[in-house]
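Asker: Here is a sequence together with a model predicted from it:
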Amino acid sequence: MSRLLRILGFGSALVAVLVLVILALVLARFEVIAHRRPPAPMTLRAAQIGAEDAQLRQMGLIVGDGHFLTEHPFAPPWTSHSLLLPSNWSTGPSLIQLLLGPPRVRANLLFADLDVLQPVMERAYAGWDTAAARGWNWNQWFANWRKMLAAQGSAEISFNQAFAPMDALIAFQRDNHTQIPLRRTSTIDRSQTAVLAGAASAPCLEIRAGGRIFPIAVNDPAQQVRAAKLWTSRANAFTDADYIAMPSSYGTPQAVHCGGDWISLQPIESSGTSGIVRLLRDALRPPRPRIERLGDGIVYVRLPTFDAENYAGVSRTSWPRHQPGDRVLIVDLRDNGGGDSAYGRDVLQGWIDESRMVNLHQIGTQITSSCLFGPLNWSYPDQGSRLPVVKRRSLQGLLDRMNQPNPPGCPRTVDTTPVRWTYLQHRFTPKPDDLRIVVLVNSGCASDCEWMTVALASLPETIVAGTNTFGNGEFIQPRYSVLPHTGLAYRMAQGRWNIYGDNRSVDGYGLDVDVVLPEVNEMGAGQLRELADAVTRQMGEVRYTHEDQYRNRRPADGASATPFRGALQTRDRGACARAAGGTGAIQRDSALPRQRHLGR
């Protein structure tokens, strides 16, 4: 009887809780203001300003002669203390706001926020000059945005309607590190790869994907069809193939229009694991780096996302060491979401001489700066945590910079690092006794994973295989602020990385591969051994360069329109094709047994 009463009591309590939650949601739906966030303070009191100075001094920081905060943080004149808010003001949505469903915003409040967003973007956004150089009219864009919002008055409108102009900007210039606002993640666009059913014998000008037609920009090599090698399991040899990369937002690739022909496309499916499922899986069982032998001198290295949780406390006692008979090192970067690539370099010690790899300083970068550099880069440590020495030095450096005088008007400057090495210079020219390196990538390889790919590709014994990477390495160094009237946080790329050296797009298109692997997301140990054997057997005398991959497809006057074949150059190209016994079309062996996926 007592057990029954306990069950009934528990059930009643559960029902009561559910009723209260439903009631709270209903009341919140009616009572929460339209923009879902409290506005940021437009004016700060002297007590708030003084309290913030005291807190910084308590952290061991030297504020200087002035104050850290300014009375009017979101009003001109813009200074090195604009945009800063008290540390106790939260930019994140509350749980109740997350439960309310699709977010909405009051049009008139966002209209007022554009008076802050425009001068901030003009002074801090890394894509401002590049978009203008491609024909983007910033003043007209903001004017049209204001006109659209003004027509809505004080109406509550959806995020998709309110920020539709951002969709237009991102479609014009892909940027996976700029999100305005943060809660709207639909602007993040990974690449997808598709193989042409036949050779492209003329310039390709359009793509059909998802039932729509998209133009191919003739001045952007990232959008062009490129040549590569193609390999499938149980294939006798590599085959020549043409392939193309495009943003996933296009929809399923269907065909590409080259000359007078529409050539069908065979899309390579991305990893079937959704981001949410992967996060849950990794939370329950964090992926770990590992090194293991696959036999016959083939070594496999798995490098998961470069997070401390994945690499901390990993035992290396069972990892094999480099031996003279090792032929191929497979570095698996599939679905590596980035982080700090130092974790990956540490795992590869003893296998790869890091001093031979290109470093970040050799890649051309452009960092946008102004008086807003300090405020946009400022971030408080977690409340209650002890301030590490490195973090204190970083914050003090920003404070010192913010205390320096700035030119009137807070003008924009761009600090440029000259290009000393580009991805176009990647060549596969191994010496006979070199340990061949196969870098395995897919569209889940993002951010610092792409940097690791570039670093490894700078070695002459490296082949990059799989599908194009995510495409998250062109616009870099995202920095955060808030739109004051709506209270919406956003992030904006402050730098740009010129990976190829020719200013082509990378975000949404990814890094190109030397060898396309239609089965990249399902490859297990057996297939990887076959691939490694093919690399050592058939590519022993290959001379590869990315510069050849983008040879102009438009024939010169009087020249025949022969298709450009094979970014991989062998001494006898015809022999390679004859040995393959095929045309380069994708072939699948339905009888191939399922194998353990080493990347999972």
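Answerer: Yes, it's here.
Asker: Who is residue 489 paired with across the strands?
Answerer: Per DSSP bridges, the residues bridged to residue 489 are residue 482.
Asker: Kindly state the pLDDT recorded for it?
Answerer: On the pLDDT scale, residue 489 is placed at 93.
Asker: same deal with residue 379?
Answerer: On pLDDT, residue 379 comes in at 83.
Asker: wouldn't residue 444 be in contact with residue 332 here?
Answerer: No: counting by CB atoms under 8 Å, residue 444 stays clear of residue 332, with 11.4 Å between them. Glycine gets a C-beta too; all of them are placed from N, C-alpha and C.
Asker: For stretch 370-379, report the contacting residues that lie outside it.
Answerer: The contact list for stretch 370-379 (CB atoms under 8 Å, 6 or more residues apart in numbering) reads 78-84, 120, 123-124, 395, 398-399, 401-402, 406, 410-413, 479-481, 492, 494.
Asker: Which residue lies nearest the spatial centre of the protein?
Answerer: Centroid-nearest residue in the chain, with CA atoms, centre = their mean: residue 472, separated by 2.4 Å.
Asker: residues contacting that residue?
Answerer: 176-177, 190, 338, 446-447, 450, 507.
Asker: what's the answer for residue 511, then?
Answerer: Residue 511 is in contact with 423, 441, 450, 453-454, 464, 468-469, 471, 473, 499, counting by CB under 8 Å, 6+ apart.
Asker: Strands - which of those land there?
Answerer: Residues of the contacts of residue 511 located in strands (DSSP state E): 441, 464.
Asker: Of the contacts of residue 511, which is the most crowded?
Answerer: residue 469 (31 neighbours; other CB atoms under 10 Å).
Asker: does that residue really touch residue 443, like I thought?
Answerer: Yes: between residue 469 and residue 443 there is a contact under CB under 8 Å: 6.6 Å.
Asker: shared neighbours of those two, anything?
Answerer: Contacts common to residue 469 and residue 443, judged by CB under 8 Å, 6+ apart, are 191, 510.
Asker: Next, the contact list for residue 114, please.
Answerer: Contacts of residue 114 by CB under 8 Å, 6+ apart are 142, 145-146, 149.
Asker: Now go through these and say which are in helices.
Answerer: Judged by DSSP state H, the subset of these located in helices is 142, 145-146, 149.
Asker: ranking those residues by neighbours, who comes first?
Answerer: Ranking these using other CB under 10 Å puts residue 149 first, with 24 neighbours.
Asker: Excluding chain neighbours, what is closest to it?
Answerer: Distance criterion CB to CB, 6 or more residues apart in numbering; nearest residue to residue 149, sequence neighbours excluded, is residue 111 at 4.2 Å.
Asker: The one you found: what's it in contact with?
Answerer: 146, 149-150.
Asker: Make a markdown table from the residues you listed and add distance to residue 62 to it.
Answerer: Shown next, in a markdown table, are the contacts of residue 111 (distance: CB to CB, whole Å):
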| residue | distance to residue 62 |
| --- | --- |
| 146 | 42 |
| 149 | 43 |
| 150 | 46 |
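Asker: and residue 62, backbone torsions?
Answerer: For residue 62, the backbone dihedrals (degrees, to the nearest 10) come out as phi -100, psi 110.
Asker: any idea how far it lies from residue 235?
Answerer: Going from residue 62 to residue 235 by CB to CB, to the nearest Å gives 65 Å.
Asker: Pick out whichever of these two has more residues nearby.
Answerer: Comparing residue 62 with residue 235 by other CB under 10 Å, the one with more neighbours is residue 235, at 18 against 10.
Asker: So what does that one have for phi and psi?
Answerer: As for residue 235, its main-chain torsions (degrees, to the nearest 10) stand at phi -80, psi 150.
Asker: any idea how far it lies from residue 264?
Answerer: Taken as CB to CB, the span from residue 235 to residue 264 is 21 Å.
Asker: Ok, residue 408 next?
Answerer: Distance, residue 408 to residue 264, using CB to CB: 59 Å.
Asker: ok, those two, which is more surrounded?
Answerer: Each of residue 408 and residue 264 has its neighbours counted (other CB under 10 Å); residue 264 has more, 15 against 8.
Asker: so what pLDDT did the residue nearest to residue 149 get?
Answerer: Looking at residue 111, its pLDDT stands at 98.
Asker: After the strand or helix carrying it, which helix or strand is next? Please name it.
Answerer: Per DSSP states H and E: residue 111 is located in helix 107-124. Later in the chain than helix 107-124, the nearest helix or strand by DSSP H and E is helix 128-133.
Asker: So for that following helix, what gets flagged as buried?
Answerer: Residues of helix 128-133 classed as buried by neighbour count (16 or more other CB atoms under 10 Å): 128, 130-131.
Asker: Check the burial of residue 306 by counting its neighbours.
Answerer: Applying other CB under 10 Å, we find 26 residues neighbouring residue 306.
Asker: Quick check: it touching residue 346?
Answerer: No: if you go by CB under 8 Å, residue 306 and residue 346 don't touch, sitting 9.9 Å apart.
Asker: is it true that residue 196 touches residue 265?
Answerer: Yes: applying CB under 8 Å, one finds residue 196 in contact with residue 265, separated by 6.3 Å.
Asker: what residues are shared contacts of the two?
Answerer: Joint contacts of residue 196 and residue 265 (CB under 8 Å, 6+ apart) are 244, 256.
Asker: follow-up on the earlier one: I'd like the contacts of residue 114 as TSV, with pLDDT and distance to residue 43 appended.
Answerer: As requested, the contacts of residue 114 are arranged in TSV below (pLDDT from 0 to 100; distance: CB to CB, whole Å):
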residue	pLDDT	distance to residue 43
142	98	25
145	98	26
146	98	24
149	98	24
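Asker: Show me the shaky parts of the stretch 251-400 of the chain.
Answerer: Across the stretch 251-400 of the chain, the ranges flagged by pLDDT under 70 are 270-285, 381-385.
Asker: Strands of that one, residue ranges please.
Answerer: Using DSSP state E, counting those that start in this stretch, the strands of the stretch 251-400 of the chain run over 253-258, 261-268, 290-295, 298-302, 328-332, 364-369.
Asker: quick one: the strands in the stretch 401-550 of the chain?
Answerer: 413-417, 427-428, 436-441, 462-466, 475-483, 488-498, 515-516, 543-545.
Asker: Also the stretch 101-250 of the chain?
Answerer: Remark: strands assigned in the stretch 101-250 of the chain by DSSP E, counting those that start in this stretch are 104-106, 156-158, 191-196, 204-209, 212-215, 226-230, 239-247.
Asker: For residue 289, which of those is the nearest?
Answerer: Counting by CB to CB, residue 289 lies closest to strand 191-196 out of the strands of the stretch 101-250 of the chain; the figure is 24.8 Å.
Asker: nearest to residue 299, of the buried residues of helix 128-133?
Answerer: For these, the residue nearest residue 299 by CB to CB is residue 130; the value is 41.0 Å.
Asker: Assess the claim that that closest one and residue 172 are in contact.
Answerer: No: using CB under 8 Å, residue 130 is not in contact with residue 172, being 10.5 Å away.
Asker: residues contacting residue 433?
Answerer: By CB under 8 Å, 6+ apart, no residues touch residue 433.
Asker: again with the one 3 residues further on
Answerer: Residue 436 makes contact with 327-329, 430, 461-463, 532, 535-536, 539, according to CB under 8 Å, 6+ apart.
Asker: at 6 Å instead, please
Answerer: When contacts are counted by CB atoms under 6 Å, 6 or more residues apart in numbering, residue 436 is found next to 328, 430, 461, 535-536.
Asker: Make a markdown table out of those residues and add neighbour count and distance to residue 260.
Answerer: Shown next, in a markdown table, are those (neighbours: other CB atoms under 10 Å; distance: CB to CB, whole Å):
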| residue | neighbour count | distance to residue 260 |
| --- | --- | --- |
| 328 | 24 | 43 |
| 430 | 21 | 41 |
| 461 | 18 | 42 |
| 535 | 26 | 37 |
| 536 | 16 | 42 |
